[in-house]
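Peer 1: Can you look at this prediction? I've put the sequence above it.
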Amino acid sequence: MEGGLEGALVVAAAFCIQILAFGTSQSIGIYNIEWLRYFDSGAAAVSLVGSINLGVFLGAGPVSSLLMSRWSHRQVAMLGAVLANLGLIVMPFAPNLVFMYAFFGILTGLGNSLVYVPSHVLSGLYYSKHRSLATGIATAGSGFGTTVFPIVINELIQYYGWRGSLFIISGLNLHLLIFTALLWPVPRRTQVLVSRADNLEEAESVTINVNQNVEIEMRSDTISGTVYCDNEDHKDGVSLPSKVLNQQSYKNGECKDEGLCVENVNIDKNNVSSPLMRSTSKPQALSVKQKIQQYFSAVFTTDFIIYFLSNIFWNAGAGIMLIFFAEYVFSIGLDKQDSSILYALIGAGNCVGCVLGGLLGNIKHFDRIHVYLLGNIGAGLLPCLIPWKATHTFWCLAIIVVLFGLMFGIILGLLVVVTSDLLGTEALGRGFGYLMLSNGIGTFSGPPIAGLLIDSFKNNDLAMFLSGGFSILGGAVMCLVPLRRRFCHTSHPTVVRCQDGEEIIEPPDR
């Protein structure tokens, strides 16, 4: 089974992590109703608590990626769990909104980012064929959290007040320390290109799991000898099954991400029983400028820049909806309980949408980018229906928010796989980190703009129209990717190998 028990455990842990991280951050709109009255502040000032949190949560993706290049996914996530809980535990003692900006907005937001990005990326690295479904299931945790937490928070506020409820929420978030400890690292793999003895031009690729004693099966004959690794755990080599083979060379497959750097080796064609000998040649060292150019050229392709801008716009729209919807429902005459239930229904639709997006992404004849941009447009049209007075009943709003959550979930379920489609798995960690930066820019900028409009014109409808407009704009921008490929005759990026054997992504058009 692809991924094995470890892969299933990581997906389950990522699911639970997103329940807590997104459940807490995206349910902050429930507290806005209380804080508007308690602090006697405007909508823009109060909304800034949630927008800073979500902005840092998603915008600190590059920080997470940088730390993941030096530490393991588990170590980064556990650091994030500590920071998120430090920010939450002091929230009940907050004397003013500025205190909340610093601790919940920045500290908890940074902690949640360090928890979310490693767990989400790791759940995708365990799978290849079913990557879309795996990341969709993991992302469904965000929808489940957004479903449960608003109802729980509303009930806690009724019994314990907003300060008392935050003590309990911070206690629940301590479970992040347990779930991050379950983020088992991906087994190191290396790839060997081999030739059949009867046809040296027909090369085959074999992936070797160097953490286990694995029998390697091929359609014809297998390589003989030992692969020597620059890795402390396997520095003496990995023995392979001995059977037939003539000359061919070794290339490293996932060297950079997995920390396994193996140099070129060869088989002596005159002696098939001889081991693979390690080459003495060393790769040429790159200058700092070359390393920086190589780092960014693998990520900032034309298609990814379009994707980056699209994410800014739809996150601005989604952030407005998540932060202002509960307050909007309360302003049109529904009570707090109805407001929290409707807010929870967004999460229910989101949960289903994440899995649905993962399933659609696994269907061979479905273009994931088309599904993604349709999700953007759908998530934009639905908020524009909310200001229509005919929809100001509980059941009409319930249908709208469930469909909005469904569209939102489809987008979230496809984030990792679309990034992988645009950049390849080699640059997935870096690419997803920068994608989170675009998400953070959107969620940080959208709600304050909506808050200023509400304070200036005293009209809550403007927030819903602005939310829908931003999301539709995000979908329109993403349309440029398939249009560019069609009219410029470009395709997906290709993987090329440098002289030192390292695999990098070469986009079709800079």
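Peer 2: Yep, that arrived. Quick caveat, the model's predicted, so the values are computed rather than measured.

Peer 1: With residue 383 as the reference, measure out to the closest residue to residue 313 other than its chain neighbours.
Peer 2: What sits nearest to residue 313 in space, not counting adjacent residues and going by Cβ to Cβ, 6 or more residues apart in numbering, is residue 474, at 3.5 Å. Every C-beta, even on glycine, is put in place using the N, C-alpha and C of the backbone. Separation of residue 474 from residue 383 (Cβ to Cβ, to the nearest Å): 13 Å.

Peer 1: so where does residue 472 fall, helix or strand?
Peer 2: helix 461-478 (DSSP states H and E).

Peer 1: Which positions within that helix qualify as buried?
Peer 2: 461-475, 477-478 (16 or more other Cβ atoms under 10 Å).

Peer 1: Check which helices and strands the helix or strand following it sits against.
Peer 2: Downstream of helix 461-478, the first helix or strand assigned by DSSP H and E is helix 480-488. Applying 3 or more Cβ pairs under 8 Å, 6 or more residues apart in numbering; DSSP states H and E, we find helix 480-488 packed against helix 302-331, helix 368-381.

Peer 1: Beyond the host helix or strand of residue 85, next helix or strand please.
Peer 2: If you go by DSSP H and E, residue 85 is part of helix 73-89. Moving toward the C-terminus from helix 73-89, the next helix or strand (DSSP H and E) is helix 97-100.

Peer 1: Might you list the low-confidence residue ranges for this protein?
Peer 2: The chain contains residues with pLDDT under 70 at 1-3, 188-298, 425, 489-510.

Peer 1: hey, where'd the strands end up in it?
Peer 2: 189-196, 199-209, 225-227, 238-240, 265-266, 277-278, 494-497, 503-506 (DSSP state E).

Peer 1: Centre of the chain to the helix holding residue 472, how far?
Peer 2: On the basis of Cα atoms, centre = their mean, to the nearest Å, helix 461-478 sits 22 Å off its chain's mean C-alpha point.

Peer 1: List the contacts of that helix.
Peer 2: 306-307, 309-318, 320-321, 324, 328, 369, 372-377, 379-384, 386-387, 442, 446, 449-451, 453-454 (Cβ atoms under 8 Å, 6 or more residues apart in numbering).

Peer 1: Just the C-alpha atoms of that helix, please, in PDB.
Peer 2: Below are the C-alpha coordinates for helix 461-478, written out as PDB (Å, rounded to 0.1, in the frame of the first residue of the first chain):
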ATOM      1  CA  ASP A 461     -23.400  44.600   2.700                       C
ATOM      2  CA  LEU A 462     -20.200  46.100   1.300                       C
ATOM      3  CA  ALA A 463     -18.100  43.400   3.100                       C
ATOM      4  CA  MET A 464     -20.000  40.600   1.400                       C
ATOM      5  CA  PHE A 465     -19.700  42.200  -2.100                       C
ATOM      6  CA  LEU A 466     -16.000  42.900  -1.500                       C
ATOM      7  CA  SER A 467     -15.500  39.300  -0.500                       C
ATOM      8  CA  GLY A 468     -17.200  38.000  -3.600                       C
ATOM      9  CA  GLY A 469     -15.300  40.400  -5.900                       C
ATOM     10  CA  PHE A 470     -11.900  39.400  -4.600                       C
ATOM     11  CA  SER A 471     -12.600  35.700  -5.000                       C
ATOM     12  CA  ILE A 472     -13.900  36.100  -8.600                       C
ATOM     13  CA  LEU A 473     -10.800  38.200  -9.400                       C
ATOM     14  CA  GLY A 474      -8.600  35.400  -8.100                       C
ATOM     15  CA  GLY A 475     -10.300  32.900 -10.400                       C
ATOM     16  CA  ALA A 476     -10.000  35.300 -13.400                       C
ATOM     17  CA  VAL A 477      -6.300  35.700 -12.700                       C
ATOM     18  CA  MET A 478      -5.800  31.900 -12.600                       C
END
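
Peer 1: follow-up on the earlier one: may I see the helices and strands packed on helix 480-488 organised as TSV, with mean neighbour count and distance to residue 355 added?
Peer 2: Formatted as TSV, these follow (neighbours: other Cβ atoms under 10 Å; distance: least, Cβ to Cβ, whole Å):
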stretch	mean neighbour count	distance to residue 355
helix 302-331	25	18
helix 368-381	22	13
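
Peer 1: how about the nearest residue to residue 376, chain neighbours excluded?
Peer 2: residue 475 (3.1 Å).

Peer 1: Roughly how far does the one you found sit from residue 132?
Peer 2: Using Cβ to Cβ, residue 475 is found at 20 Å from residue 132.

Peer 1: Same check on residue 22?
Peer 2: In terms of Cβ to Cβ, residue 22 sits 20 Å off from residue 132.

Peer 1: Tell me how far the nearest residue to residue 180 once chain neighbours are set aside lies from residue 308.
Peer 2: Nearest non-adjacent residue to residue 180, counting by Cβ to Cβ, 6+ apart: residue 77, 3.9 Å away. Distance check for residue 77 against residue 308: by Cβ to Cβ, it reads 24 Å.

Peer 1: do residue 399 as well
Peer 2: 33 Å.

Peer 1: Near the closest residue to residue 308 other than its chain neighbours, how many other residues are there?
Peer 2: Nearest residue to residue 308 in three dimensions, chain neighbours excluded: residue 438, at 4.6 Å (Cβ to Cβ, 6+ apart). By the criterion of other Cβ atoms under 10 Å, residue 438 has 23 neighbours.

Peer 1: is it true that residue 438 touches residue 309?
Peer 2: Yes. Using Cβ atoms under 8 Å, residue 438 is in contact with residue 309, at 7.3 Å.

Peer 1: Now for the closest residue to residue 366 other than its chain neighbours: which residues touch it?
Peer 2: Excluding the flanking residues, the one nearest residue 366 by Cβ to Cβ, 6+ apart is residue 360, at 5.3 Å. Residues counted as contacts of residue 360 (Cβ under 8 Å, 6+ apart) are 132, 366, 368, 371, 410, 414.

Peer 1: Same check on residue 110?
Peer 2: 56, 57, 60, 63, 80, 83.

Peer 1: Could you dump the residues you listed into a markdown table and include neighbour count and distance to residue 486?
Peer 2: As requested, the contacts of residue 110 are exported to a markdown table (neighbours: other Cβ atoms under 10 Å; distance: Cβ to Cβ, whole Å):
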| residue | neighbour count | distance to residue 486 |
| --- | --- | --- |
| 56 | 24 | 38 |
| 57 | 31 | 35 |
| 60 | 26 | 35 |
| 63 | 18 | 36 |
| 80 | 28 | 41 |
| 83 | 19 | 45 |
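
Peer 1: just these now: which is nearest residue 105?
Peer 2: Distance ranking of those against residue 105, using Cβ to Cβ, places residue 56 first at 6.5 Å.

Peer 1: Distance-wise, check that closest one relative to residue 175.
Peer 2: Taken as Cβ to Cβ, the span from residue 56 to residue 175 is 21 Å.

Peer 1: And for residue 44?
Peer 2: In terms of Cβ to Cβ, residue 44 sits 33 Å off from residue 175.

Peer 1: Between the two, which has more neighbouring residues?
Peer 2: Between residue 44 and residue 175, counted using other Cβ under 10 Å, the more crowded position is residue 44 (18 against 15).

Peer 1: Starting from residue 367, give me the distance back to the more buried one.
Peer 2: Residue 44 is 40 Å from residue 367, where distance means Cβ to Cβ.

Peer 1: Now do the contacts for residue 362.
Peer 2: 130, 132, 133.

Peer 1: So which of the residues you listed belong to helices?
Peer 2: Judged by DSSP state H, the contacts of residue 362 include 132, 133 as members of helices.

Peer 1: between the contacts of residue 362, which has the most around it?
Peer 2: So for the contacts of residue 362 (other Cβ under 10 Å), the most neighbours sit at residue 132, 26 neighbours.
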